[in-house]
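K.L.:
here are the coordinates; sequence isn't available:
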């Protein structure tokens, strides 16, 4: 255990800083947008296509697919958004969350001090709310990069530890890799953190691309835990929204695990010459885009099935009769 402490303690510091930065960044972005996000969700979700686009944009702004889907569930629960309107938002959120992995794949850790310094300066010197909130976003972004930089530096010695490398090689098994990714995401409450660590580990050549893809798929499954918990105790329509998120992810992940070898080969072709971390980030984007493309045409059918399986309850507590 003594041999691992010089690695584990800096790794833990980087991870804690990264998770704090994610929440801090998200809070800053929410403060800037105010109530406009709720209005956008209600206004620009008239059909599945606009719902997907709205979900993508808001998830990029908040840097959290879970936050956007939970927001959609809350709006469905209050009837500000219909169940069918929310489905496009759920699909869009799954695409929007890939922006963070692309951002993480940039090797900008050594420049983390620059946005941190500018952000702190704005927060200290500015007397306008929007400038102070912008400073918070920049400070959070810099801390996120610094956390990744600390983790990347901390895991470098692991390459020379046989026990660790053997365990990492075991993640080449797609099922095992996906389970580990799901477990880590539930533990950390952040799929972005799981994918971020996978990008770092692959950049240090501790993970193969198939293992990184399996971890990424597992992270997509693990993020369903937050949305399912958020839908408990709410209306039937809100619960159906959480279940749709689960059904979509189980389908896309199951198909992805079955086809992981040809999918990995495709990523290597499309990302030829790109660094290892960038290849995984590209895989994250392509996997979620393909998943949405395969499901989007069947959204009305899935919605009808969920409505029949979990119908609304009328005011007197009786379930409406299906025609």
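P.N.:
Structure received. Values in this document were obtained by computation on a predicted structure and should not be read as measured data.
K.L.:
what's the single longest helix in this protein?
P.N.:
The longest helix of the chain (DSSP state H) is helix 5-33.
K.L.:
Test my guess that residue 81 contacts residue 71.
P.N.:
No: Residue 81 is beyond contact range of residue 71, at 9.3 Å (criterion: Cβ atoms under 8 Å). (C-beta placed from N, C-alpha, C; glycine too.)
K.L.:
Residue 19 is in contact with residue 144, correct?
P.N.:
No: taking contacts as Cβ under 8 Å, residue 144 lies outside contact range of residue 19: 9.4 Å.
K.L.:
More neighbours: those two, which one.
P.N.:
residue 144 (29 against 18; other Cβ atoms under 10 Å).
K.L.:
which residue packs closest to the more buried one, ignoring adjacent ones?
P.N.:
Among residues not flanking residue 144 along the chain, residue 21 sits closest, at 3.8 Å (Cβ to Cβ, 6 or more residues apart in numbering).
K.L.:
quick one: the one you found and residue 150 touch, right?
P.N.:
No: using Cβ under 8 Å, residue 21 is not in contact with residue 150; the gap is 11.1 Å.
K.L.:
Show the contacting residues for residue 274.
P.N.:
Residue 274 is in contact with residue 282, counting by Cβ atoms under 8 Å, 6 or more residues apart in numbering.
K.L.:
what about it, which SS state?
P.N.:
Using DSSP: H, G, I helix; E, B strand; the rest coil, the structure places residue 274 in coil.
K.L.:
gap between residue 312 and residue 152?
P.N.:
With the distance defined as Cβ to Cβ, to the nearest Å, residue 312 ends up 49 Å from residue 152.
K.L.:
OK, contacts around residue 125?
P.N.:
Applying Cβ under 8 Å, 6+ apart to residue 125 gives no contacts.
K.L.:
Show me what the longest helix of the chain is packed against.
P.N.:
Packing contacts for helix 5-33, counted by 3 or more Cβ pairs under 8 Å, 6 or more residues apart in numbering; DSSP states H and E, involve helix 48-62, helix 129-155, helix 191-203.
K.L.:
What strand or helix carries residue 87?
P.N.:
helix 83-96 (DSSP states H and E).
K.L.:
Between helix 191-203 and the helix or strand just after that helix, find me the angle.
P.N.:
Downstream of helix 83-96, the first helix or strand assigned by DSSP H and E is helix 98-105. For helix 98-105 against helix 191-203, the angle by axes from the mean of the first three to the mean of the last three Cα atoms, to 10 degrees is 40 degrees.
K.L.:
From the contact counts, what lies against helix 98-105?
P.N.:
On a contact count with 3+ Cβ pairs under 8 Å, 6+ apart, helix 98-105 meets helix 191-203, helix 276-296.
K.L.:
In terms of secondary structure, what does the longest one contact?
P.N.:
Contacting helix 276-296 under the criterion 3+ Cβ pairs under 8 Å, 6+ apart are the following elements: helix 48-62, helix 83-96, helix 98-105, helix 191-203, helix 209-222, helix 236-258, helix 260-270.
K.L.:
Serialize the ones you listed to a markdown table and add fields for distance to residue 176 and mean neighbour count.
P.N.:
Output for those, formatted as a markdown table (distance: least, Cβ to Cβ, whole Å; neighbours: other Cβ atoms under 10 Å):
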| stretch | distance to residue 176 | mean neighbour count |
| --- | --- | --- |
| helix 48-62 | 29 | 22 |
| helix 83-96 | 23 | 26 |
| helix 98-105 | 21 | 22 |
| helix 191-203 | 14 | 27 |
| helix 209-222 | 8 | 27 |
| helix 236-258 | 11 | 20 |
| helix 260-270 | 12 | 15 |
